[in-house]
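**Student:** kindly generate the corresponding structure for this input.
(one chain, ligands or ions: 1)
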Amino acid sequence: MDTPITVLPNDVQATIARITGEIEQHLIAVRRDLHAHPELAFEEVRTAGVVANELTRMGIAHETGIAQTGVVGIINGGRPGPVLAIRADMDALPIQERTDLPWASTKPGLMHACGHDIHTTTLLGVADVLHKIAPSLAGTVKLIFQPAEEAIGGAEQMIEAGVLEGPKVDMAIGFHNYPHIPVGEFSFCPGPALAAADMFTIEVHGKSGHAAHPYAAIDPIVAAATLITQLQTVVSREMRPLHPAVVTVGAINGGIAHNIIPDSVVIKGTVRTLHKEAQDIAERAIQRMCDGAEIAMRTRCTLTYERGVPAMLNDDRVLEPVVEAVRKQLGDVIHRREPSMGAEDFALMSQMVPAFQLGIGSGAPGRADRLHNSGYAPDEACIGLGVQALARAAVEILA
Ligand code: NI
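**Tutor:** This is a model prediction of the structure:
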């Protein structure tokens, strides 16, 4: 454990840059190790072990086994102040990696294709930097290493396990790497930035019969086709035009033969909204259209509508100091982006405490990588840059 460093106010930029430079190669080695050993949601046993070993090596107090495989570390500043949580996700995806990198996944069918290995490593770097300058901080940093983001369940279980309490979190920062943003650049989106992601399943019940005698049957296939067409009017005719929404039918299953009208058809889809009002409108409209199919088409429709993660809300009280901190540390490298209809479960934390998710560019020069792609290969320089940005944000917020 190193002697803690007290940072003079006019020396913050250089101190963070210097410490990050000293640990960057080690962080890249940790990332490559995590990348070679991906683990799915709630199975992050080895990953959590690496995190705990690193925190122990740094001398940072931590608890393991939170929400099964989560780890939470605590850094106390030299003076009292607010509690700032910084959250990283740790899980991988069921994707077969198709890169030739020496640190490619050693596990068939599993890959860190969303860069959660990058996120875990970045938060370890932030921990190391902040621990070294802890006497200069007024407040507490809670390091949240969360399992199971991809399965959308990790944040919920971490919250249920009390991760936002004891000490009570006053604000939270999340972050995600974005390969469509060049490495060295960052992004922010005020207000609702990621969508609420709901799922619906509609069972269209008809009456089976011979295809040659449709008058003697109730055809759920034609009813399903009509219903799917009607669903296209939820967004176009019922939503306020400035409230973004998506209704997508992703699956339709029914019937087995040319000459049989089946008993039922199952439709599955997703609803993405940024505003609670739009979410309510969509659910009610889909229910109404299902009900209407009984009168119009004689088919009884049963709707199962499941509300998933809520929209992620970026709060100006966290966003503004973080954006300012990134500019102070790294220059004019952070730009406003549009909201996305993607979803992520940091949104649950953003519904409970003021929060902000920082976008970190990870696109390597000359490449056009995409998340959740088997060839995904982010630029590892994003780790050190992310460490600098997030450590500086903590320093500014806990000034
Ligand atoms: Ni992700």
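**Student:** got the phi/psi numbers for residue 311?
**Tutor:** Dihedral pair for residue 311: phi -70, psi 150, per degrees, to the nearest 10.
**Student:** count of neighbours near it?
**Tutor:** By the measure other Cβ atoms under 10 Å, the count of residues near residue 311 is 24. (Each C-beta comes from the backbone N, C-alpha and C, glycine too.)
**Student:** ditto for residue 278
**Tutor:** 23.
**Student:** select the longest helix from this protein.
**Tutor:** helix 12-36 (DSSP state H).
**Student:** which helices and strands sit right next to that one?
**Tutor:** helix 45-58, helix 116-132, helix 316-330, helix 381-397 (3 or more Cβ pairs under 8 Å, 6 or more residues apart in numbering; DSSP states H and E).
**Student:** who are the contact partners of the most centrally placed residue in the chain?
**Tutor:** Geometric centre of the chain, nearest residue: residue 344, 3.1 Å, by Cα atoms, centre = their mean. Residues near residue 344 by Cβ atoms under 8 Å, 6 or more residues apart in numbering: 149, 174, 176, 194, 309, 312, 357.
**Student:** so what's the first one closest to, chain neighbours aside?
**Tutor:** Pointing back at residue 149 there. Of all residues not flanking residue 149 in the chain, residue 89 sits nearest, at 3.6 Å (Cβ to Cβ, 6 or more residues apart in numbering).
**Student:** partner residues bridging the one you found?
**Tutor:** residue 146 (DSSP bridges).
**Student:** isn't it up against residue 154?
**Tutor:** Yes - here residue 89 reaches residue 154: they are 6.8 Å apart, a contact under Cβ atoms under 8 Å.
**Student:** what do these two both touch?
**Tutor:** 146, 147, 148.
**Student:** specify which member of these is nearest to residue 316.
**Tutor:** residue 146 (24.1 Å; Cβ to Cβ).
**Student:** mind listing what that closest one touches?
**Tutor:** 67, 70, 87, 88, 89, 90, 154, 155, 158.
**Student:** ok, 10 Å please
**Tutor:** By Cβ atoms under 10 Å, 6 or more residues apart in numbering, residue 146 lies in contact with 44, 66-67, 69-72, 87-91, 116, 119-120, 123, 154-155, 157-159, 163, 174, 345-346, 349.
**Student:** export stretch 354-370 as CSV, just CAs?
**Tutor:** Below are the C-alpha coordinates for stretch 354-370, written out as CSV (Å, rounded to 0.1, in the frame of the first residue of the first chain):
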residue,chain,number,x,y,z
PRO,A,354,-29.4,11.6,-9.0
ALA,A,355,-27.3,9.9,-11.6
PHE,A,356,-25.4,10.3,-14.8
GLN,A,357,-24.0,7.8,-17.3
LEU,A,358,-20.8,8.9,-19.1
GLY,A,359,-20.2,7.7,-22.7
ILE,A,360,-16.6,6.8,-23.2
GLY,A,361,-15.3,6.6,-26.8
SER,A,362,-13.6,3.2,-27.5
GLY,A,363,-13.4,3.2,-31.3
ALA,A,364,-10.0,2.3,-32.6
PRO,A,365,-8.7,4.3,-35.5
GLY,A,366,-9.6,2.7,-38.9
ARG,A,367,-12.1,0.3,-37.4
ALA,A,368,-15.9,0.4,-37.3
ASP,A,369,-16.6,-1.8,-34.2
ARG,A,370,-20.1,-2.5,-32.9
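**Student:** switch to numbering from 721
**Tutor:** Right, with 721 as the first residue, what we last looked at is stretch 1074-1090.
**Student:** show me what counts as buried in it.
**Tutor:** The neighbour-count check on stretch 1074-1090 (16 or more other Cβ atoms under 10 Å) flags 1074, 1075, 1076, 1077, 1078, 1079, 1080, 1081, 1082, 1083, 1084, 1089 as buried.
**Student:** swap in stretch 861-877?
**Tutor:** Result for stretch 861-877 [16+ other Cβ under 10 Å]: buried residues 861-870, 872-875, 877.
**Student:** what does stretch 878-890 give?
**Tutor:** The neighbour-count criterion (16+ other Cβ under 10 Å) identifies 878, 879, 881, 883, 884, 889, 890 as the buried residues of stretch 878-890.
**Student:** hmm, which two among the residues you listed are most spread apart?
**Tutor:** Pairwise across those, and taking Cβ to Cβ, the largest span is found between 881 and 890, at 18.8 Å.
**Student:** returning to that earlier point: of the helices and strands packed on helix 732-756, give the one that comes closest to residue 754.
**Tutor:** Of all those, it is helix 836-852 that lies closest to residue 754, at 4.0 Å by Cβ to Cβ.
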